[in-house]
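J.: for reference, the sequence and a predicted model appear below.
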Amino acid sequence: MPGYQTQQQQVTIAGTEPLLIRCLLDRQQFSDPLGKAARLGISSAAWPMFGLLWPSGMHLAAHVAAHLATHALQPGQRFLEVGCGLALASLVGHRRGADMTASDCHPLAPTFLAANLQLNHLPPMKYRYGEWDATRHTGLQAEESVSGRYDIIMGSDVLYDRDASTALAGFIGRHAMPASEVWIVDPERGNRPAFSRLMADIGYALEEVRLDGKAGADAPAYKGRLLCYRRPRPQRSRVI
């Protein structure tokens, strides 16, 4: 891959077989020769973040694996990962047979997804461009962007600033089924309370699970939460 260096890492998520993941060598990588990232508002400092393996992403992938081990897939059930980066959680769900769609706004996210599907001998998986702010116009065709509604929407470390959190809540409102779940792994970002209030405004109840963990031989200490937002199916009014 020209302009930057990559490496392959074996990732093991509890309850699943290891995945071989192609990722960036480090966070010093940058290559935007055509200016695609710049036009999308992605700075050189933020550019490599999509292509790294992050602890929050590992926790989200573990939750997907645990959920699919204990809950049967429902007919027509659709999953959407937002801000997917390397789409680890989507890859775990895809390998389990879930109808997964990965989405991101980074121009190289689909390239890395295709490479990682091939590395793990997995069939193609759906990918869509995921711009949360409905007021932004990217020039992409409608079929290239997220459309329709999903039963489960998930993401890791996506509440990184107030504007992003507000835009994400609006995006979820446009793309979640009336009865749906939203899973967010948050490493104690300060925007969690405001985001939860926005989610409550569109009918979601919140259940939090602590994800704190001590440092180990292969992993740093982690402090965060799994935020599970659930919106029940609307009750039909009775005609008397």
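T.: On my side now, so go ahead.

J.: could you say which helix or strand holds residue 57?
T.: Using DSSP states H and E, the secondary-structure element containing residue 57 is helix 55-70.

J.: show me what that helix is packed against.
T.: Where contact means 3 or more CB pairs under 8 Å, 6 or more residues apart in numbering; DSSP states H and E, helix 55-70 is packed against helix 88-95, strand 150-156, strand 176-186. C-beta: built from backbone N, CA, C; applies to glycine.

J.: for residue 105, find the nearest of the ones you listed.
T.: strand 150-156 (12.3 Å; CB to CB).

J.: what's the worst-scoring helix or strand of the chain on mean pLDDT in contact with?
T.: Within the chain, no helix or strand scores below helix 36-39, which has a mean of 92 by mean pLDDT, DSSP states H and E. Contact with helix 36-39 is made by 32, 47, 106, 107, as judged by CB atoms under 8 Å, 6 or more residues apart in numbering.

J.: ranking these by neighbours, who comes first?
T.: Of all the contacts of helix 36-39, the highest neighbour tally under other CB atoms under 10 Å goes to residue 106, namely 23 neighbours.

J.: picking up where we left off before, could you point out the helix or strand that follows the helix holding residue 57?
T.: Using DSSP H and E, the helix or strand that follows helix 55-70 in sequence is strand 78-81.

J.: elements contacting that next one?
T.: helix 88-95, strand 99-104, strand 150-156.

J.: how about the least confident helix or strand of the chain: buried residues?
T.: residue 37 (16 or more other CB atoms under 10 Å).

J.: need the contacts of helix 36-39 in JSON lines with pLDDT, secondary structure and distance to residue 198, can you?
T.: Output for the contacts of helix 36-39, formatted as JSON lines (pLDDT from 0 to 100; DSSP: H, G, I helix; E, B strand; the rest coil; distance: CB to CB, whole Å):
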{"residue": "32", "pLDDT": "95", "secondary structure": "coil", "distance to residue 198": "32"}
{"residue": "47", "pLDDT": "97", "secondary structure": "helix", "distance to residue 198": "28"}
{"residue": "106", "pLDDT": "96", "secondary structure": "coil", "distance to residue 198": "24"}
{"residue": "107", "pLDDT": "95", "secondary structure": "coil", "distance to residue 198": "28"}
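
J.: looking at those, spot the one nearest residue 199.
T.: Distances from residue 199 to the contacts of helix 36-39, taken as CB to CB, are shortest for residue 106 (24.8 Å).

J.: nearest residue to the closest one in space, please, no chain neighbours.
T.: Excluding the flanking residues, the one nearest residue 106 by CB to CB, 6 or more residues apart in numbering is residue 50, at 4.0 Å.
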